[in-house]
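based on what follows, work out the 3D shape:
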Amino acid sequence: MKRVLLLIAIFMLSACSQEDDSSLRIVSLIPSNTEIVNELVGTDYFVGISSVDNYPESLNDSDIAKIDSFNINPEEVIQLKPTHIISHESISESAKAEIDQIVEATNAELLVINDAKTLDDVFESIKQIGEFLNVSDKSDALVEKMKDEREQLIEQYKNTDEKTAFVLITTPPDIYVAANDTFMSSVLNDINIVNVFDDLQDFPMVDVEAVVERSPEYLISATGISKEQVSHVVNDEKAFKNMPFTDEEKLCVPNVDEISRPGPRILSAMKDIAECVHE
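Okay, the predicted model is just below:
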């Protein structure tokens, strides 16, 4: 009899879990969060994603609503009947009124992810989303996997000669770079690469002279343009003549989405950068 009751209880719990899962209707307002959700529960529960989401590629062919996160139409999102909304610090202040209106109308749960400054912050974001969607076991497993990959890369490159580099966000004349307090710079530190702009904060604009003065050996592009285009731009800049990074072998062009999004694919970008600089 006890065995029968136990089997019934297990069946009921399983049924409840399936019902809860199928009732999930997720809206993600930034690509990095979308990529995290995809790793944890797939894409089946999305009803809305940001208009610039492009990974996984299957999203391009889906009928999931595309939302302009910097110009949110509350009525359109309300019609999606979301149960969970995952926002981000970078948009929540400017879109607070719209998001509050959606939450009030739908009773959706809201999670705002803070801007990641380090790889550890990325891990924390993954755990927060896992807890929010009630899949902490999956988020914990993903974080442990990423931590293992990170430690392997640290171990692999810890005895290599230290190199200097800068992370280019936009090309001249308005040069923006990744500096201290960014997860991009955090990635470089782990693989024995010194960011020459690590004395600055966030994503400052710098002039050509500042780049020349610091004379980085390598350029890591997060511009979204091809290696050929980056090479063309830096070699056209007269002030960069004879700079080490004008050599194509010292131009590192990882996948721009992987290096610019604080999500599960950041370790792939980290590996590509390490190979470009140290091998």
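
please pull up the helix or strand immediately following the worst-scoring helix or strand of the chain on mean pLDDT.
Ranking every helix and strand in the chain by mean pLDDT, DSSP states H and E puts helix 2-22 at the bottom, with a mean of 39. Remark: after helix 2-22, the chain's next helix or strand is strand 26-28, criterion DSSP states H and E.

where do the helices of the stretch 1-150 of the chain begin and end?
Counting by DSSP state H, counting those that start in this stretch, the stretch 1-150 of the chain has helices at residues 2-22, 31-41, 74-78, 89-92, 96-106, 119-132, 136-157.

please identify the deepest-packed of those.
helix 31-41 (a mean of 24; mean count of other C-beta atoms under 10 Å). No exception for glycine: its C-beta is placed from N, CA and C like everyone else's.

so where's the stretch 101-250 of the chain shaky on pLDDT?
Along the stretch 101-250 of the chain, no part satisfies pLDDT under 70.

how much space between the spatially closest residue to Ser51 that is not a sequence neighbour and Asn38?
Counting by C-beta to C-beta, 6 or more residues apart in numbering, Ser51 lies nearest to Lys66, which is 4.4 Å off, once chain neighbours are set aside. As judged by C-beta to C-beta, to the nearest Å, Lys66 and Asn38 stand 16 Å apart.

the helix or strand hosting Ala274 - what's its average pLDDT?
Here Ala274, judged by DSSP H and E, is contained in helix 266-278. Across helix 266-278, pLDDT averages out at 97.

quick one: distance of that helix to the chain centre.
15 Å (C-alpha atoms, centre = their mean, to the nearest Å).

and Pro173, that's in a helix?
No: assessed by DSSP: H, G, I helix; E, B strand; the rest coil, Pro173 does not belong to a helix; its assignment is coil.

now for Thr182, how many residues are close by?
Other residues within reach of Thr182, judged by other C-beta atoms under 10 Å, total 24.

was I right about it contacting Pro204?
No: taking contacts as C-beta atoms under 8 Å, Thr182 lies outside contact range of Pro204: 10.3 Å.

that older thread, how about the helix holding Ala274: buried residues?
Residues 266-267, 269-274, 276-278 are the ones in helix 266-278 that count as buried (16 or more other C-beta atoms under 10 Å).

sorry, back to before: how about JSON lines for the helices of the stretch 1-150 of the chain, with distance to Val196 added?
Output for these, formatted as JSON lines (distance: least, C-beta to C-beta, whole Å):
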{"stretch": "helix 2-22", "distance to Val196": "48"}
{"stretch": "helix 31-41", "distance to Val196": "26"}
{"stretch": "helix 74-78", "distance to Val196": "43"}
{"stretch": "helix 89-92", "distance to Val196": "26"}
{"stretch": "helix 96-106", "distance to Val196": "37"}
{"stretch": "helix 119-132", "distance to Val196": "20"}
{"stretch": "helix 136-157", "distance to Val196": "18"}
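
that older thread, go ahead and confirm the residue nearest to Ser51 touches Val47.
No: applying C-beta under 8 Å as the test, Lys66 and Val47 come out as separate, 11.2 Å apart.

compare those two (neighbour count), which wins?
In this view Lys66 and Val47 are compared by other C-beta under 10 Å, and Val47 has more residues nearby, 19 against 13.

which one, of the helices of the stretch 1-150 of the chain, ends up nearest to Thr170?
Among the helices of the stretch 1-150 of the chain, the nearest to Thr170 by C-beta to C-beta is helix 89-92 (17.3 Å).

ok so, going back, which two of the buried residues of helix 266-278 have the greatest separation?
Maximum pairwise distance among these (C-beta to C-beta): 18.0 Å, between Ile266 and His278.

now do the strands in the stretch 151-279 of the chain.
Assigned by DSSP state E, counting those that start in this stretch, the stretch 151-279 of the chain shows strands spanning 163-170, 175-178, 193-195, 205-206, 218-221, 251-252.

out of these, indicate the one that is most buried.
Among the strands of the stretch 151-279 of the chain, strand 218-221 has the highest mean neighbour count (mean count of other C-beta under 10 Å), at a mean of 25.
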